[in-house]
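Chemist: prediction below, plus the sequence it came from.
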Amino acid sequence: MSDLFSSAGLDQSGNRPLADRLRPARLSEVVGQQHLIGEDGILTRMLRSGSLGSLIFWGPPGTGKTTMARLLAHETELAFEQISAIFSGVADLKKCFEAARARRISGRGTLLFVDEIHRFNRAQLDSFLPVMEDGTITLVGATTENPSFELNAALLSRAHVLVFESLDADALEDLLVRAEKEMDRPLPLDEGARQTLIGMADGDGRSALTLAEDVWRTASEDEVFDSTRLTEIVQRRAPIYDKTKDGHYNLISALHKSVRGSDADAALYWMCRMLDGGEDPMYIARRLVRMAVEDIGLADPNAVVQANAARDAYQMLGSPEGELALAQACVYLATAPKSNGVYVAYKAARKAAESNGSLVPPKHILNAPTKMMKEMGYNEGYQYDHDAPDGFSGQDFFPEKMGRQRYYDPPERGFEREIRKRLSYWERLRQERHKAGDS
């Protein structure tokens, strides 16, 4: 085979992807993940103890999960076997388990690496349990999804979940330097373009090396790309953002909490991250309306008006013009006074409604359209508030068995300061009129 490459004027090793050629041969060569393989990292401590145990690697693509599993097998002298949950079924698992049992009889253990393990169904995941428990295999599963949601509790109870972090700019720069040594030539990018490429990689080491390969393939002799030319050549890699998985929920949580925390700059950043990742702008618009009523409420009654107006503006203008309306609402909500007074009151009233059964309203506030109902005391003693002094009768409107309740307690913020004054004023009038009625 090597003669075929040579006769064609090709280097066989050079035909392999750069990411594969730079795959670390030792744990010390792994870029990033120092919280796992550093001097005090959990994997370092496990290797020192001589006991590895089954593991679940959770993290974004291109962070070294497969490489780490392979190196762990080498460090512990376990046979390394790899399968993908996307392409494997029960028959494949049985073959793996049988081969592992045969090795175990001969005195050698097996590290079974399962990529995309979250793709297996519950029955397939359960099949791992007996061979994990009796030591036939040491399972290392890799997933980009939250194991708490995607893997069953029985499997998680038998494995240690390790979180892999996206590679930072320094780690990606280290990879590019290694690539330049492997290629024996500098990457034909100016400093700005180099940083742009690192940003495009979005924490994915494999992506950084693939983008670098594209640059080397495309650049002519002595040509150096700037950021604009780089973007034209390699296109822009979409950010890691799955609109139905963790990325979606993590970013909307970040946006919501930034608005709640009155950080307009952070709120704008997270909203733009979602838009940049392809999120439906109308989903963001709906969430802004929710924030307006949950976290601002009557502290600024105009907040929900702004949020609804932004939604309507986006529906009329579309993208990209309508996104500015969403940005305006986002900043308005973040800078508005905050109150969850109505939200708390609603939950308390809802709980009371569910727990007190079907209590009837007091008769004096029930209409009496028939003679029989009037004879039964319906509407008897009702005082028309507009005829009362100050437009306030002070009557009780709760069921008699409950008595008066207090759910809404507006804070001393924003417009709710005025509401609090009104409630205090009405409570004072109510007490005065009850006293007058008792006397």
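Modeler: Okay, I see it.
Chemist: contacts for stretch 378-388, please.
Modeler: Applying Cβ atoms under 8 Å, 6 or more residues apart in numbering, the external contacts of stretch 378-388 come out as 363-368, 373-374, 391-395. Heads up, the C-betas are built off the backbone N, CA and C, glycines and all.
Chemist: again, only this time at 7 Å
Modeler: 363-368, 391-393, 395 (Cβ atoms under 7 Å, 6 or more residues apart in numbering).
Chemist: and of the residues you listed, the nearest to residue 160?
Modeler: Nearest to residue 160, judged by Cβ to Cβ, of those is residue 365 at 62.1 Å.
Chemist: quick one: the strands in this structure?
Modeler: 55-58, 79-84, 110-115, 137-143, 160-163 (DSSP state E).
Chemist: elements contacting the second one?
Modeler: Looking back up the chat, that one is strand 79-84. In this structure, strand 79-84 packs against helix 90-105, strand 110-115, with contacts taken as 3 or more Cβ pairs under 7 Å, 6 or more residues apart in numbering; DSSP states H and E.
Chemist: can you pull the pLDDT of the closest residue to residue 92 other than its chain neighbours?
Modeler: If the residues on either side of it in the chain are set aside, residue 92 comes closest to residue 83, at 6.0 Å by Cβ to Cβ, 6 or more residues apart in numbering. Residue 83 is assigned 94 on the pLDDT scale.
Chemist: follow-up on the earlier one: redo the strands of the chain as a markdown table? Include mean neighbour count and distance to residue 153.
Modeler: As requested, the strands of the chain are arranged in a markdown table below (neighbours: other Cβ atoms under 10 Å; distance: least, Cβ to Cβ, whole Å):
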| stretch | mean neighbour count | distance to residue 153 |
| --- | --- | --- |
| strand 55-58 | 24 | 13 |
| strand 79-84 | 16 | 23 |
| strand 110-115 | 25 | 18 |
| strand 137-143 | 25 | 15 |
| strand 160-163 | 15 | 12 |
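Chemist: is it possible to get JSON lines of those that adds distance to residue 428?
Modeler: Converted to JSON lines, these look like this (distance: least, Cβ to Cβ, whole Å):
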{"stretch": "strand 55-58", "distance to residue 428": "58"}
{"stretch": "strand 79-84", "distance to residue 428": "72"}
{"stretch": "strand 110-115", "distance to residue 428": "69"}
{"stretch": "strand 137-143", "distance to residue 428": "61"}
{"stretch": "strand 160-163", "distance to residue 428": "57"}
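Chemist: out of these, which comes closest to residue 406?
Modeler: Of all those, it is strand 160-163 that lies closest to residue 406, at 44.9 Å by Cβ to Cβ.
Chemist: partner strands of that closest one and their direction?
Modeler: When pairs are called by DSSP bridges, strand 160-163 turns out to pair with strand 55-58 (parallel).
Chemist: touching the partner strand from outside, list them.
Modeler: Applying Cβ under 7 Å, 6+ apart, the set of residues contacting strand 55-58 is 65, 68, 140-143, 147, 151, 159-164.
Chemist: now the two most distant members of those residues.
Modeler: Counting by Cβ to Cβ, the most remote pair of the contacts of strand 55-58 is 68 and 151, 18.5 Å apart.
Chemist: and these two? which has more neighbours close in?
Modeler: residue 68 (25 against 22; other Cβ atoms under 10 Å).
Chemist: including distance to residue 43, could the helices and strands packed on strand 79-84 go into JSON lines?
Modeler: Shown next, in JSON lines, are those (distance: least, Cβ to Cβ, whole Å):
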{"stretch": "helix 90-105", "distance to residue 43": "22"}
{"stretch": "strand 110-115", "distance to residue 43": "13"}
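Chemist: most packed of those?
Modeler: Most buried of the helices and strands packed on strand 79-84, by mean neighbour count (mean count of other Cβ atoms under 10 Å): strand 110-115, with a mean of 25.
Chemist: skipping adjacent residues, who's closest to residue 319 in space?
Modeler: In space, residue 319 is closest to residue 281, 6.4 Å off (Cβ to Cβ, 6+ apart).
Chemist: for that neighbour, give its distance to residue 148.
Modeler: Computed as Cβ to Cβ, to the nearest Å, the residue 281 to residue 148 distance reads 29 Å.
Chemist: neighbour count: the two, which is higher?
Modeler: Each of residue 281 and residue 148 has its neighbours counted (other Cβ under 10 Å); residue 281 has more, 21 against 10.
Chemist: leaving out chain neighbours, which residue sits closest to residue 214?
Modeler: In space, residue 214 is closest to residue 234, 4.7 Å off (Cβ to Cβ, 6+ apart).
Chemist: what about the closest residue to residue 140 other than its chain neighbours, how many neighbours?
Modeler: Excluding the flanking residues, the one nearest residue 140 by Cβ to Cβ, 6+ apart is residue 69, at 4.4 Å. Here the count is done by other Cβ under 10 Å, and residue 69 has 23 residues near it.
Chemist: same question, residue 384
Modeler: 8.
Chemist: list phi and psi for it.
Modeler: phi -70, psi 110 (degrees, to the nearest 10).
Chemist: what stretches of the chain score poorly on pLDDT?
Modeler: Applying pLDDT under 70 to the chain flags residues 1-14, 236-246, 437-439.
Chemist: may I see the domains of it written out as residue ranges?
Modeler: If you go by automatic domain parsing, the domain ranges for the chain are 33-163, 246-335, 360-438.
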